[in-house]
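> Provide a 3D model corresponding to the input given below.
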Amino acid sequence: MKLTPTEEELMNHLWKLKRAFMKDLLESYSEPKPATTTISTLLTRMQEKNFVGYDTAGKLREYYPLVSKENYFSKHLNGLIKNFFNDSPAQFASFFTKKTELTQEELLQLKEIIDDQLNSKK
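Below is the predicted model of the structure:
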């Protein structure tokens, strides 16, 4: 299951905070801040999708992520590669390196990461 862009934005705040009450989440947004009801609705939908859980502290709810950022984006990226690049990581890498206007330094960093992965698989 996927998050909408607004849910992803809220989830990013929650991943950063790790645990948060409603007021903490609202404070993490820059101006103009969303309405409390908007955040509440998003949190309810995200709970239904099993992305967010909460503990009760008196009348307040302390929210926390049920899915790690790494796992979420890994599944998202794998789906992207499967659906848009014919399940070919090489096609994705080609597109990514050509269309993102990476500097030579950034390309060298990517090469180093790939070389490290190749060496770890020997």
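
> Could you tell me whether residue 62 really is in a strand?
Yes: judged by DSSP: H, G, I helix; E, B strand; the rest coil, residue 62 forms part of a strand.

> I figured residue 52 hits residue 63, correct?
Yes: the criterion here is Cβ atoms under 8 Å, and residue 52 meets it with residue 63 at 5.6 Å. To be clear about C-beta, it is placed using only N, CA and C from the backbone, and glycine gets the same treatment.

> Touching both of these two, which residues are there?
Counting by Cβ atoms under 8 Å, 6 or more residues apart in numbering, the contacts common to residue 52 and residue 63 are 14, 43.

> Show me the helices in the chain, by range?
5-17, 22-28, 36-48, 69-84, 89-99, 104-120 (DSSP state H).

> Export those helices to TSV and append columns for mean neighbour count and distance to residue 59.
Formatted as TSV, the helices of the chain follow (neighbours: other Cβ atoms under 10 Å; distance: least, Cβ to Cβ, whole Å):
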stretch	mean neighbour count	distance to residue 59
helix 5-17	16	20
helix 22-28	15	11
helix 36-48	15	14
helix 69-84	12	29
helix 89-99	13	47
helix 104-120	10	47
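
> For the residue nearest to residue 80 when sequence neighbours are not counted, which residues are in contact?
Of all residues not flanking residue 80 in the chain, residue 92 sits nearest, at 7.5 Å (Cβ to Cβ, 6 or more residues apart in numbering). By Cβ under 8 Å, 6+ apart, the contact list for residue 92 reads 80-81, 84-85.
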